[in-house]
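Asks: Got a sequence here, can you build the structure:
(one chain, ligands or ions: 1)
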Amino acid sequence: MSLRALLLERISQTGPLSVAQYMSDCLLHPEFGYYATRDPFGVRGDFTTAPEISQMFGELLGLSLAQAWIDQGRPDPFTLAELGPGRGTLMADLQRATAAVPGFHAAAQIILIEASPTLQQMQADRLATDDPLWTDNVHTLPQAPLFLIANEFFDALPIRQFIREASGWRERLIGAQDGVLAFGLGADAPQPGLAHRLEDTEPGDLVEICDAARPIITGIAERIVAHGGAALLIDYGDWRSLGDTLQAVRHHQKTDPLAEPGQADLTVHVDFEVLAQMAHRTGCAHTRLTPQGVFLERLGITERAQKLAEPLSGSELQSLISAHRRLTHPEEMGNLFKVLGLYPAAANPPPGLEA
Ligand code: SAH
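Replies: Sure, this is the predicted structure:
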């Protein structure tokens, strides 16, 4: 049986699926889910993420978090957490760069939140000497200072899509047409959760909501408010999302999101305004939304690249130069990806970000 056959059967029994139900099965179905069954990263995989492009990414993020830890009086013990750590590369680079920060490693308990058993195993191999623990969700994180990173995590969380009508909203659903998965629309219904989007949309516009992100942000922000800490959330998206951003990528090419369920990565743009508002409601401060390129330049990526370049020549040097460009240039990842920081209202924002 394939995931497509399974979804078609479910649709015939219980009716169309929301985009969120579809995304959730495509990404994390225990038997057929995209992340649940493979290592998708790198040249031979389907896509490449910033930590897989260069060690500089994890190093600089790590130093920003470690400086925030120093600024807040070096709390000991504290939780060093990552959401969706992929291959464990970012955490490994962060650990190497912060080894020189006195007391940081000794005070840190690393906790990883990862839904895919395949990737959990890779993280265990990669980070064996750091004694990480895994937990299912942020609500089981210790009540302790929390320093957290999440790169390309929120873009993998399931969203629902709604199309505005004259009087209400119709949900975009996935049904079957002649034995093939196809988009359709649900009944016109009021959506109290979308009241604020009546101001900036017109009939025919599509908006997305990510219910799954809300309790996650709240759980992080509550710990930062109660115990101190900071979070660096990096993803592609913008302050407010408008339009259909659901995207499928396989072998580094965009494909039809309904064509190969479970075989392609599915992502959406992150609506950072909602994340910031949810944090704000708990009393947690948030930084300005900052382009990744600006953030990395402020943290000194050019100086770091120059240092790494010293012993290099030929193709190794070229690949370092191209990695620096990919991470920072506005036409590459520099502008598409954004960084939002969370921190206690009485503390300074993490280095590289502004209040
Ligand atoms: N941060 C890594 C990987 C990004 S891909 C990097 O930058 O390379 C998204 C990661 O989030 C994967 O590890 C995936 O398995 C994990 N993930 C996706 N949805 C999740 C969920 N609901 N709970 C926990 N982990 C999830």
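
Asks: residues in contact with the residue nearest to L63 when sequence neighbours are not counted?
Replies: The shortest distance from L63 to any non-neighbouring residue, by CB to CB, 6 or more residues apart in numbering, is to A97 (5.6 Å). All C-beta spots, glycine's among them, are computed from the backbone N, C-alpha and C. Shown in contact with A97 (CB atoms under 8 Å, 6 or more residues apart in numbering): G58, E59, L60, G62, L63, A66.

Asks: before we move on, what about L312?
Replies: Counting by CB under 8 Å, 6+ apart, L312 touches L320.

Asks: and the stretch 151-300 of the chain, which residues reach the ligand?
Replies: Residues of the stretch 151-300 of the chain lying near the ligand by CB under 6 Å from any ligand atom: N151, E152, F153, A156, L157.

Asks: I'd like those residues as CSV, with neighbour count and secondary structure appended.
Replies: Formatted as CSV, these follow (neighbours: other CB atoms under 10 Å; DSSP: H, G, I helix; E, B strand; the rest coil):
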residue, neighbour count, secondary structure
N151, 26, strand
E152, 21, coil
F153, 21, coil
A156, 22, helix
L157, 22, coil
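
Asks: Tell me how many other residues surround I174.
Replies: 20 (other CB atoms under 10 Å).

Asks: Hmm, it is touching L185, no?
Replies: No. Assessed by CB atoms under 8 Å, I174 is found out of contact with L185, at 10.8 Å.

Asks: Which helix or strand contains L232?
Replies: Taking DSSP states H and E as the definition, L232 sits inside strand 229-238.

Asks: Let's see the pLDDT reported for the closest residue to F162 other than its chain neighbours.
Replies: Using CB to CB, 6+ apart and skipping residues adjacent in sequence, the residue nearest F162 is W169, 4.2 Å away. Turning to W169, the model gives it a pLDDT of 95.

Asks: Please report phi then psi for W169.
Replies: Backbone torsions of W169, given as degrees, to the nearest 10, read phi -130, psi 150.

Asks: so it sits right up against A187, yeah?
Replies: No. W169 is beyond contact range of A187, at 10.0 Å (criterion: CB under 8 Å).

Asks: What is the least confident helix or strand in the protein?
Replies: Least confident helix or strand of the chain, by mean pLDDT, DSSP states H and E, is helix 34-37 with a mean of 89.

Asks: Quick check: what element follows that one along the chain?
Replies: Assigned by DSSP H and E, the successor of helix 34-37 is helix 50-53.

Asks: what helices or strands is that following helix leaning on?
Replies: Packing partners of helix 50-53 (3 or more CB pairs under 8 Å, 6 or more residues apart in numbering; DSSP states H and E): helix 55-71, helix 89-98, helix 314-328.

Asks: With L232 as the reference, measure out to I53.
Replies: 17 Å (CB to CB, to the nearest Å).

Asks: Specify which residue of those two has the higher count of neighbours.
Replies: A count of neighbours by other CB under 10 Å puts L232 above the other of I53 and L232, at 24 against 20.

Asks: and the nearest residue to that one once chain neighbours are set aside, helix, strand or coil?
Replies: Leaving aside its sequence neighbours, L232 sits nearest to I149 (CB to CB, 6+ apart; 5.0 Å). Under DSSP: H, G, I helix; E, B strand; the rest coil, the three-state class of I149 is strand.

Asks: tell me the contacts of I149?
Replies: I149 touches L61, L65, A81, E82, L83, L90, M91, L94, A231, L232, I234, counting by CB under 8 Å, 6+ apart.

Asks: at 10 Å what do you get?
Replies: By CB atoms under 10 Å, 6 or more residues apart in numbering, the contact list for I149 reads 51, 58, 61-62, 64-65, 80-85, 90-91, 94, 230-234.

Asks: hmm, back to that, now the helices and strands packed on helix 50-53 in JSON lines, with mean pLDDT and distance to the ligand?
Replies: As requested, these are exported to JSON lines (pLDDT from 0 to 100; distance: least, CB to the nearest ligand atom, whole Å):
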{"stretch": "helix 55-71", "mean pLDDT": "98", "distance to the ligand": "8"}
{"stretch": "helix 89-98", "mean pLDDT": "98", "distance to the ligand": "6"}
{"stretch": "helix 314-328", "mean pLDDT": "98", "distance to the ligand": "12"}
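
Asks: Dump these to CSV, plus distance to D244.
Replies: Below are the helices and strands packed on helix 50-53 laid out as CSV (distance: least, CB to CB, whole Å):
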stretch, distance to D244
helix 55-71, 29
helix 89-98, 29
helix 314-328, 26
